[in-house]
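Engineer: Just to be clear, the model below is a prediction. Sequence and coordinates:
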Amino acid sequence: MSYKITSKTIDDNLKRKVSEISGQMASKCFQCGTCTGSCPMIEQMHITPRRLMALLQWGQADALRNVNTHWICASCHVCQVRCPRGIEIPKVMEALRLIKLRTNENYIEPSNLQPEEIIDLPQIALVSGFRKMTS
């Protein structure tokens with residue numbers, strides 16, 4: 001997937017908000033790929049954590065708007081432990097989730113879940129998912 005980066009597509013406000021909420025500087029990331037290589041959830045993500053950090057560095061809010069990477073992140077902290085620059089990537093993921101939740105748009109809609117689906121899901125997973133993915 002390619003992205004067109006111009007002065008019109010760069011959202012410095014997004015970089016500032018993520019930095020303010022997470023306390024992390026995405027600009028410190030030098031794209032080594034250790035986070036992606038360490039991530040146990042990589043198979044379910046639309047884009048890799050490395051690509052997410054690059055898009056964040058470039059201020060690509062539109063590209064980040066519809067990816068599931070920050071929602072799928074298990075916050076296991078493996079990426080953080082292995083990051084050579086000491087970036088706490090789970091905090092960045094949480095900041096991106098918070099920014100999305102503040103728009104009051106649900107990533108999932110609980111009322112759209114079918115009763116058959118709800119019966120098969122562990123209750124703790126439902127509660128956790130609703131807290132993480134709804135406003």
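Structural biologist: Happy to help now that I have it.
Engineer: Pull the residues that contact the lengthiest helix in the chain.
Structural biologist: Using DSSP state H, we find that the single longest helix of the chain is helix 89-101. With contacts defined as Cβ atoms under 8 Å, 6 or more residues apart in numbering, helix 89-101 is touched by 14, 17-18, 21-24, 26, 35, 49, 52-53, 56, 64-65, 69-71, 73, 75-77, 79-80, 83, 107, 132, 134-135. From N, CA and C alone the C-beta is placed, and that goes for glycine too.
Engineer: show me where pLDDT drops low in the protein?
Structural biologist: Counting by pLDDT under 70, the chain contains low-confidence ranges at 1, 3, 106-108, 124, 126, 132-135.
Engineer: Please parse this structure into its domains.
Structural biologist: Split into domains by automatic domain parsing, the chain comes to 12-103, 108-135.
Engineer: for those domains, which one ends up most surrounded?
Structural biologist: Mean neighbour count (mean count of other Cβ atoms under 10 Å) peaks for domain 12-103 among the domains of the chain, with a mean of 17.
Engineer: Start and end of that domain, how far apart?
Structural biologist: Domain 12-103 has an end-to-end distance of 18 Å (Cα to Cα, to the nearest Å).
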